[in-house]
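Asks: quick one, what's the 3D model for this:
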Amino acid sequence: MIGGSASCTRPLHQALIPLAVSVPPAALFISGKTGGRSEMEEELDTQPALERTRPPSIETLFEITNFSRREIQQLYRSFKELWPNGTVALEQFHTLYATVFPEGDSKAYAELVFRNIDQARNGSVTFLDFITNYSKISKGSLDERLDWIYTLYDTNRIGYIGYNEIFNVVKSMYQMVDASLKPAVLATICRQHTKVVFKVLTFFC
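Replies: Numbers count the residues shown, from 1 in each chain. As a prediction, this is how the structure comes out:
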């Protein structure tokens, strides 16, 4: 076991691939178009037209993340386009990953990433959850990135990572990329990859 401490839509999809692939993958949220409102997205949207979960102000997000004000605006616009009420449920997360990895079965990996981002453990992800996690994995320090990766592998949240946990995460990554792999081939590849990951994590932890 290893111990440890624990165009608009386009910006969002680039986020899931580092959340997804940098570990390997993580930057899906960002995929699409640009345009529309400014004034820093009306100070991250103050209109109560839709029962919407609103994030903190741009200045607050600027202080607690590594993104510029413009990047925050772009990410928020993408997030709001995809999820107008301001929160993402697990099923919606599954759908998003499925569109980015159509050749594979991304359900297991999407759930791992979702649970790592869902900081309140309430079954939904807010823009604040998303942007703070994306900031760590894409622009954070080495320690922040390693901590994010560690908690992804620590699926039972006990502060230790065992071989089976690593194997299951690695397996979900390969399934996400290619669902056609035969079970025996998949198991062999995953065992080899798991040994490598285990050595790397042991070195850093």
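
Asks: show me what the longest helix along the chain is packed up against.
Replies: As far as residue count goes, and with DSSP state H defining each element, the longest helix of the chain is helix 183-204. Packing partners of helix 183-204 (3 or more Cβ pairs under 8 Å, 6 or more residues apart in numbering; DSSP states H and E): strand 2-3, helix 142-153, helix 163-177. C-beta here means a position set from N, CA and C on the backbone, and glycine is covered the same way.

Asks: give the residue spans of this protein that score low on pLDDT.
Replies: Flagging of the chain using pLDDT under 70 yields the residue ranges 1-51, 201-205.

Asks: that one: strands as residue ranges?
Replies: If you assign secondary structure with DSSP state E, the strands in the chain sit at 2-3, 87-89, 124-126, 160-161.

Asks: for those strands, which one ends up most surrounded?
Replies: Among these, judged by mean count of other Cβ atoms under 10 Å, the one packed with the most neighbours on average is strand 124-126 (a mean of 22).

Asks: that strand packs against which elements?
Replies: Under the contact criterion of 3+ Cβ pairs under 8 Å, 6+ apart, the helices and strands touching strand 124-126 comprise strand 87-89.

Asks: next, format the strands of the chain as JSON lines and append distance to residue 189.
Replies: Below are the strands of the chain laid out as JSON lines (distance: least, Cβ to Cβ, whole Å):
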{"stretch": "strand 2-3", "distance to residue 189": "21"}
{"stretch": "strand 87-89", "distance to residue 189": "31"}
{"stretch": "strand 124-126", "distance to residue 189": "30"}
{"stretch": "strand 160-161", "distance to residue 189": "20"}
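
Asks: roughly how far does the nearest residue to residue 124 once chain neighbours are set aside sit from residue 193?
Replies: The shortest distance from residue 124 to any non-neighbouring residue, by Cβ to Cβ, 6 or more residues apart in numbering, is to residue 87 (4.3 Å). According to Cβ to Cβ, to the nearest Å, residue 87 and residue 193 sit 34 Å apart.

Asks: please apply the same query to residue 97.
Replies: If you go by Cβ to Cβ, the gap between residue 97 and residue 193 works out to 20 Å.

Asks: look at those two and report which has more neighbours.
Replies: Here residue 97 and residue 193 are set side by side on neighbour count (other Cβ atoms under 10 Å), and the busier one is residue 97, at 26 against 18.

Asks: separation between the more buried one and residue 143?
Replies: Computed as Cβ to Cβ, the residue 97 to residue 143 distance reads 27 Å.

Asks: tell me which residue of the chain is furthest from the middle?
Replies: In the chain, residue 184 marks the outermost C-alpha relative to the chain mean, sitting 28.9 Å out by Cα atoms, centre = their mean.
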